[in-house]
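> Take this sequence and fold it.
(chains A, B, C and D)
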2 protein chains.
Amino acid sequence: MARSDSGESVLERAVRIFEAFTPETTTLAVSEIARRAGLPLATASRLVAEMVRHGLLARDDDRRVRIGLRLWELASRASPTLSLRETAMPVMEQLQASIGHHTQLGVLDGDEVLFVERLSAEHAVINYTRIAARLPLHASSSGLVLLAYGSTTLQERVLAGPLPRYTPATVTGAEELRELLARVRRQGFVLCPGHIHADATGIAVPIRTADRQVAAAVSVIVPNDERARARLPALTAAARSIERRLRDDPAAPPSE
Amino acid sequence: MARSDSGESVLERAVRIFEAFTPETTTLAVSEIARRAGLPLATASRLVAEMVRHGLLARDDDRRVRIGLRLWELASRASPTLSLRETAMPVMEQLQASIGHHTQLGVLDGDEVLFVERLSAEHAVINYTRIAARLPLHASSSGLVLLAYGSTTLQERVLAGPLPRYTPATVTGAEELRELLARVRRQGFVLCPGHIHADATGIAVPIRTADRQVAAAVSVIVPNDERARARLPALTAAARSIERRLRDDPAAPPSE
DNA sequence: CATCGCCCTCCCGTTGAATGGGATGGCGGT
DNA sequence: ACCGCCATCCCATTCAACGGGAGGGCGATG
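Numbering: from 1, shown residues only, chains lettered A, B, ... in the order given. Below is the predicted model:
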């Protein structure tokens, strides 16, 4: 009567349980969790109980389950990337206020950009979700910056892999992408007119740590018709300002 | 040759691995992790490898390990408390700017206050760490507010348990605490002169969701000599402003 | 007030995923 | 070439985890 299907670690299942939660459904019943994570009810119940014991999940007054703050606490306390986020925040807000469009702070995670901060304009071209969104490296301005300054193994992996098309303007050719990356390194910034959303242009610049490693990218999204390049000085100034704060702060230097 | 000491789930060990990381040591070698988490090297190595596969940990170019952004992503994407944090942030910053002292946003987690936002004054009475710090409920202003409006089972648990003393002013008597909580409910705020740091006074007010549940507490820390009560109007105004934003936002209503 | 439907937890015999001591293979310093 | 340290791999052993089903609670419906 034991494990019928095999090869599933507790950890794997725990992660699947976390993934069952979404911004729309922040609390779930155990049976819901079991359904979404594809687990037998008994297993889900036991695993949830244990996760609650460790603070990874929390229970409501009724028996519904939500994600525990412990998870966030563990992540925030000890991630250099997130202390970078804290350091950059005030500058990001200033930038957003002066530019009046979507302003984002993206870092490399896996083979994608993860946006750790995302300030939205009230009436903007595109409606973005708040934070913790991901985009592919080859089709977003931040992604291209992070890729251009990333390790060669990363570049080769991305160039070799499939390069999905989102709009007619998306760069999907390996050779074309290679040249674009070279240009990014030469210029120190990137302009992406309509690469991922047909009617929006992304502009991104790198943020470097004291040892010249690129740790993150700042980007803004403007409508295609605006003179995108005119935004560049403000963007570069913001990047410099964040870099200055990074050097002053006793924050660790994150590379990846 | 198997399990010599028993009764340790993978989850438990995974959490201990996370806890091995601190703000000071954001990256660790596997052997370090093994030492800190009290695990055999082989076990640590295998577990770390699996956690990396799931994005819970990340590896540097050298082989050192850091906490994966996936953890933060999972937590941020689906926690109502953290979207409350996002909503409250601008107001918190305004409050900090106008008051010029430590300004904090605390929520109930377990039987403690967890500060999800903490804006520090440059030259302040006490030097706080950035975020994700915890304080006991009975000895902090935010804690007292959260406790006063918390469930009776929570209150009984805290009143029954030990009430550690931090300063001569700390409330350590169960009866005394019970009366203080009643006063907090009557007044709608709390003043804590020197309860946890001898030379600082905390002031806290509750933040309520649309259904009148207390979801969080806003607090400021001022030196004892200042007229602490004079800060109250600004604090209340900030709380009201956050409540207004909560009602407007399509954010879930967190209670615990 | 029974009955039904749904949800959750506990029970318990079974078993394979996890374990950990030690061998193996790197890497850097001397 | 040798040593010290680190990390991964190997593999026989075994206990933590498994999951079907029983049992109990809760609310809605007839």
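> And the contacts of the helix or strand that contains residue A:153?
Element membership for residue A:153, per DSSP states H and E: helix A:152-160. For helix A:152-160, contacts defined as CB atoms under 8 Å, 6 or more residues apart in numbering or on different chains pick out A:108, A:111, A:137-138, A:147, A:174, A:177-178, A:181. Placement of C-beta: from N, CA and C, glycine included.
> which other helices and strands contact the top helix by length along chain A?
Secondary structure of chain A read by DSSP state H shows that its longest helix is helix A:80-99. Secondary-structure packing of helix A:80-99 (3 or more CB pairs under 8 Å, 6 or more residues apart in numbering or on different chains; DSSP states H and E): strand A:102-109, strand A:112-119, strand A:214-223, helix A:232-248, helix B:69-77.
> go again using 6 Å as the cut-off
strand A:102-109, strand A:112-119, helix A:232-248 (3 or more CB pairs under 6 Å, 6 or more residues apart in numbering or on different chains; DSSP states H and E).
> Tell me which of these sits most buried.
strand A:102-109 (a mean of 25; mean count of other CB atoms under 10 Å in any protein chain shown).
> Show me what it is in contact with.
A:81, A:88, A:92, A:95-96, A:113-121, A:124, A:128, A:142, A:146, A:216-221, A:256, B:69 (CB atoms under 6 Å, 6 or more residues apart in numbering or on different chains).
> can you pull up the bridge partners for the spatially most central residue of chain A?
Nearest to the geometric centre of chain A sits residue A:114, at 1.3 Å (CA atoms, centre = their mean). Judged by DSSP bridges, the bridge partners of residue A:114 are residue A:107, residue A:134.
> For stretch A:89-96, buried residues please.
Residues A:89, A:91-93, A:95-96 are the ones in stretch A:89-96 that count as buried (16 or more other CB atoms under 10 Å in any protein chain shown).
> which outside residues touch it?
A:103, A:105, A:117, A:119, A:238, A:241-242.
> Can I get the residues you listed in a markdown table including pLDDT?
Output for these, formatted as a markdown table (pLDDT from 0 to 100):
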| residue | pLDDT |
| --- | --- |
| A:103 | 91 |
| A:105 | 94 |
| A:117 | 87 |
| A:119 | 80 |
| A:238 | 95 |
| A:241 | 94 |
| A:242 | 94 |
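> Just flag the most distant two among these.
Maximum pairwise distance among those (CB to CB): 15.3 Å, between A:119 and A:241.
> Please parse chain A into its domains.
Annotated domains of chain A cover A:10-74, A:79-248 [automatic domain parsing].
> what sits against the closest residue to residue A:218 other than its chain neighbours?
Among residues not flanking residue A:218 along the chain, residue A:239 sits closest, at 5.3 Å (CB to CB, 6 or more residues apart in numbering or on different chains). Residue A:239 makes contact with A:205, A:207, A:218, according to CB under 6 Å, 6+ apart.
> tell me which residues in whatever helix or strand the second one lives in are buried?
The secondary structure element spanning residue A:207 is strand A:200-208 (assigned by DSSP H and E). By 16+ other CB under 10 Å, the buried positions in strand A:200-208 come out as A:200-208.
> Return the list of strands paired to it, each annotated with direction.
Strand A:200-208 sits in its sheet next to strand A:190-193 (antiparallel), strand A:214-223 (antiparallel), going by DSSP bridges.
> what separates the nearest residue to residue A:82 once chain neighbours are set aside from DNA strand D, distance-wise?
The shortest distance from residue A:82 to any residue other than its chain neighbours is 5.2 Å, reached at residue A:76 (CB to CB, 6+ apart). Distance of residue A:76 to DNA strand D, computed by CB to the nearest atom of the strand, to the nearest Å: 24 Å.
> quick one: the longest helix of chain A to strand B:112-119, angle?
50 degrees (axes from the mean of the first three to the mean of the last three CA atoms, to 10 degrees).
> Could I get the pLDDT score of the nearest residue to residue A:236 once chain neighbours are set aside?
Computed as CB to CB, 6+ apart, the closest residue to residue A:236 that is not its neighbour in sequence is residue A:205, at 5.6 Å. Reported pLDDT at residue A:205 in the predicted model: 97.
> If residue A:205 is in a bridge, with which residues?
Bridge pairing for residue A:205 - DSSP bridges - gives residue A:218.
> Just the closest residue of the stretch 101-250 of chain A to DNA strand D, please.
Residue nearest to DNA strand D within the stretch 101-250 of chain A (CB to the nearest atom of the strand): residue A:153, separated by 16.3 Å.
> how many other residues sit next to that residue?
9 (other CB atoms under 10 Å in any protein chain shown).
> Could you list the low-confidence segments of the stretch 1-150 of chain A?
Where the stretch 1-150 of chain A drops to pLDDT under 70, the residues are A:1-7, A:121-132.
> mind running it again at 50?
A:1-4, A:123-126 (pLDDT under 50).
> List, one by one, the residues from it near chain B.
A:10-11, A:15, A:18, A:21-23, A:26, A:50, A:54, A:67, A:69, A:71-80, A:86, A:109, A:114, A:130-132 (CB under 6 Å from any CB of the partner chain).
> Give me the ChimeraX select line for these, limited to the buried ones.
The ChimeraX selection below is limited to those of the residues of the stretch 1-150 of chain A next to chain B classed as buried (16+ other CB under 10 Å):
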select /A:10,11,15,18,21,23,26,50,54,67,69,71,72,73,74,75,76,77,78,79,80,86,109,114,130,131,132
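> and the gap between residue A:208 and DNA strand C?
24 Å.
> swap in residue A:241?
Distance from residue A:241 to DNA strand C, by CB to the nearest atom of the strand: 36 Å.
> if I look at that residue, how far off is residue A:149?
Separation of residue A:241 from residue A:149 (CB to CB, to the nearest Å): 19 Å.
> Check residue A:68 too.
From residue A:68 to residue A:149 the distance is 36 Å (CB to CB).
> do residue A:206 as well
With CB to CB as the criterion, residue A:206 and residue A:149 are 6 Å apart.
> Quick check: neighbours shared by these two?
In contact with both residue A:206 and residue A:149: residue A:214, using CB under 6 Å, 6+ apart.
> Go through the helices and strands packed on helix A:80-99 and name the closest to residue B:60.
Ranked by CB to CB, the member of these that lies closest to residue B:60 is strand A:102-109, at 12.4 Å.
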